[in-house]
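In: sequence plus the predicted model coming up.
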Amino acid sequence: MARDVQMIDQALAEAHLPALLMSLIHITGDASLLSDELKPAYDFFAEGRLGGYSQATQDKLRAMAKAAISDYMAGDGVLPPPPDPATIRRMMDFIAGVEVPERYVPLLMEELSLDGVDQKLPSWDTPQLKSAAAKTKVLIIGAGMSGLLTAIRLQQAGIAFEIIDKNADVGGTWLENTYPGCRVDNPSHLYSLSFEPNHEWPQHFSTQPVLLKYFQDVAERHGLRRHMRLNTTVKEARFDEAAKLWRVTIRRPDGAEEVLTANAVVSAVGQLNQPNLPNIEGRDSFAGVAFHSAQWRGDVDLTGKRVAVIGTGASAFQFVPEIAPKVADMVVFQRTPPWLGPTPNYHDDVTERERWLLQHVPYYEKWYRFWLFWMMTDGLLDAITGDPDYQGPPTAVSQVNAELREMLIGAMALQTEGDPELLAKITPQYPLGGKRSVRDNGVWIAALRRPNVHLITEAITRITPKGVVTADGTEHEVDVIIYGAGFKASDFLRTFEVHGRDGVELHDQWKGDARAYLGMTVPNFPNFFVVYGPNTNIVVNGSIIFFSECSVRYIIEALKLLAETGKSTLEPKQAVHDAFNEKVDAANRGMAWGAPQVNSWYKNATGRVSQNWPFRLIDYWNATLKPNPDDFVIR
Ligand code: NAP
């Protein structure tokens, strides 16, 4: 306790002050702290920790907090009665710095979870449901974040399940991507399962090993490993209409095939795991070492090597600054520059003091997460939504989009001072929001400015045994080529066949244009569910974990619907599915990423945006609370 009291001063110096203020209301019961004087005012480019307060206000707030927390710690640990709902509502507006629209309040209350109750916890508590759960078995394909989440929810519902994964361990993306510098681009205190908070994140944006450990620990804590078959691939899933069961052929680690049966199948294989090796003439003729960023060759020592990097997306953006100091020479081939979103704390540690606040100050971690959640909710969506009346150049889709563009170019200009040529090369000529921007704390441009790094914007024409040839005829001789060229994202569920009603195969039905109802269900495929399926990727708002939590709740509710009605299968009505997709397509066409001048992995070969959710988080949350029985053919 004495140590804790000593810690208060140091910790308060580093506190997120608006979150601290919310804690103070819980500790003191004094809602008059929601005063004009203490109202935060956030600056787009600032981190928000200081709430835009003057030094005098910061001092006052810290002094109040010191007194209140010291008293609380010296006392019996009993807090005053919790704030009433109207006060909590005012607290939300206060910490958000804007009036939170009423329609967001139920979602935000669920996220805030002040009472610590997991509101997405399935409840299969009647005898009928219990009996149905006991007779149901679900097969989950994929042991990454979404697969583990699905397993936990099924377990909580009392439903038997088995998880199949091709890899030797759990973790999916966070197992496979081991390239130097790999880390999440969502704040860690948000990028975690809502019911599995972690107050020990060592950094604000966790690195791959830390995230892998988090998901491994989650799997352990929930006892999931005994339900897993690792090093096992799914060959095909086939619906047996007579038995109303899925028969799933797997290839075991010993090479033998086995057929498993299940009442339902959940594909949780992700969107970004089939490496894209660009179709460049002569690619296979290269005599040196070549590999994709998602299949990083840890055994290849890059020290002193001449390295070519093809691609400047999120992955290259992370590994180039890491390897630049050790290589002799590096040529980075950029086809399209990424937008850089200023994030000064991107590589920063969460200090011991900050962790102390999260662990010891009542409700601080709740409001801190709430603040992160709100900041990433839907605010930026308006800025990347096209204005049909906008008359400006095609580098923006609206006036506000154009203004934001100028702000970001201004931030890039500061970093490229004295090198206008570099600024011109790295300035995107497509609208902000066309692709997911990357989090910038200066290391990317610093790497590009190193004397041993050369940014090449000439198009690649071919690869030779010696290196990479560009359109100007230059042959860039290298020892190693690293492809940071992304993934075959729109090729959903490509690694196995899925045969639904009447034997129809999913990819044949999709014809290269994957679609699903709410990203999860497909006509003719009864009890077949997809997590992180078509049109459920997000670009500027929220975290994919939030989306997965919504999807998985819906899937469990769909199974519950069957259990309640005593039916066996459901699949979406074709008309419902089609109408939904029409709405999605129309909305996507109006977004920056849907603009005709933008090329990205969000669009499939037909040009349709098959990856992204064009609406708001609140819309997905509302749409996935519970399936509407009228949307389905239920048998
Ligand atoms: P990516 O964003 O798709 O970037 C691929 C890069 O390769 C682009 O610069 C692309 O240029 C280039 N490229 C592709 N084919 C090419 C060709 N034939 N010739 C020249 N250049 C070519 O892939 P990624 O960087 O692996 O990231 C994929 C997604 O994974 C991200 O959008 C993000 O959602 C996720 N991710 C997240 C993180 C994170 O959380 N921090 C890290 C890595 C990945 P064009 O743009 O011109 O196509």
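Out: Yep, that arrived. On a predicted model such as this, the values are computed, not experimentally measured, just so you know. Residues are numbered from 1 along each chain as shown.
In: nearest to the ligand: which residue in the stretch 251-400 of the chain?
Out: Residue nearest to the ligand within the stretch 251-400 of the chain (CB to the nearest ligand atom): residue 313, separated by 2.0 Å. In short, each C-beta sits where N, CA and C put it, glycine included.
In: which SS class is the residue nearest to residue 481 when sequence neighbours are not counted?
Out: Excluding its sequence neighbours, the residue lying closest to residue 481 (CB to CB, 6 or more residues apart in numbering) is residue 290, at 4.2 Å. Under the three-state scheme (DSSP: H, G, I helix; E, B strand; the rest coil), residue 290 adopts strand.
In: residue 409 too?
Out: Per three-state DSSP, residue 409 ends up helix.
In: excluding sequence neighbours, find me the nearest residue to it.
Out: Nearest one to residue 409, counting by CB to CB, 6+ apart, is residue 427 at 5.8 Å.
In: tell me how far that neighbour lies from residue 192.
Out: Applying CB to CB, to the nearest Å, the value for residue 427 to residue 192 is 35 Å.
In: neighbour count for those two, which is higher?
Out: residue 192 (23 against 16; other CB atoms under 10 Å).
In: how many residues are close by the closest residue to that one other than its chain neighbours?
Out: Among residues not flanking residue 192 along the chain, residue 198 sits closest, at 5.4 Å (CB to CB, 6+ apart). Per other CB under 10 Å, the neighbour tally for residue 198 reads 17.
In: can I assume residue 198 sits in a helix?
Out: No: counting by three-state DSSP, residue 198 is not found in a helix; it is coil.
In: for residue 40, see how far away the residue nearest to residue 481 is.
Out: Residue 290 is 50 Å from residue 40, by CB to CB.
In: confidence score at the residue nearest to residue 192?
Out: With respect to pLDDT, residue 198 scores 95.
In: same check on residue 14?
Out: 96.
In: give me the neighbour count for it.
Out: With other CB under 10 Å as criterion, residue 14 counts 14.
In: for it, what are its contacts?
Out: Residue 14 makes contact with 49, 351, 353, 354, 357 under the criterion CB atoms under 8 Å, 6 or more residues apart in numbering.
In: which of those residues fall in helices?
Out: Here DSSP state H is the test, and those give 353, 354, 357 as lying in helices.
In: can you name the residue of the stretch 1-150 of the chain nearest the ligand?
Out: For the stretch 1-150 of the chain, CB to the nearest ligand atom, closest residue to the ligand: residue 145, 12.2 Å.
In: what is the neighbour count of that residue?
Out: 27.
In: quick check on it: phi, psi?
Out: phi -50, psi -50 (degrees, to the nearest 10).
In: could you check how far residue 149 is from residue 318?
Out: 25 Å.
In: the more surrounded of those two?
Out: More crowded of residue 149 and residue 318, by other CB under 10 Å: residue 149, with 27 against 24.
In: you'd agree that one is up against residue 546?
Out: No: counting by CB atoms under 8 Å, residue 149 does not reach residue 546; the two are 11.0 Å apart.
In: which residues touch the residue positioned nearest the centre of the chain?
Out: By CA atoms, centre = their mean, the chain has its centre lying nearest to residue 544, at 3.3 Å. By CB under 8 Å, 6+ apart, the contact set of residue 544 is 145, 186, 532, 537, 538.
In: give me the neighbour count for residue 356.
Out: For residue 356, the neighbour count with other CB under 10 Å is 20.
In: that one contacts residue 11, doesn't it?
Out: Yes: counting by CB under 8 Å, residue 11 is a contact partner of residue 356 at 5.0 Å.
In: ramachandran coordinates for the residue of the stretch 401-550 of the chain found nearest the ligand?
Out: Closest to the ligand within the stretch 401-550 of the chain is residue 486: 2.5 Å, counting by CB to the nearest ligand atom. Main-chain dihedrals, residue 486, degrees, to the nearest 10: phi 80, psi -160.
In: what's the first helix or strand after the host helix or strand of residue 557?
Out: Assigned by DSSP states H and E, residue 557 belongs to helix 544-565. Using DSSP H and E, the helix or strand that follows helix 544-565 towards the C-terminus is strand 570-572.
In: make sure residue 447 is indeed in a helix.
Out: Yes: assessed with three-state DSSP, residue 447 lies in a helix.
In: what does the chain put close to the ligand?
Out: Within the chain, the positions adjacent to the ligand are 183-185, 272, 278, 280, 310-316, 318, 333, 335-336, 436, 460, 484-487, 599, 601 by CB under 6 Å from any ligand atom.
In: so the residue nearest to residue 481 sits right up against residue 478, yeah?
Out: No: counting by CB under 8 Å, residue 290 stays clear of residue 478, with 9.5 Å between them.
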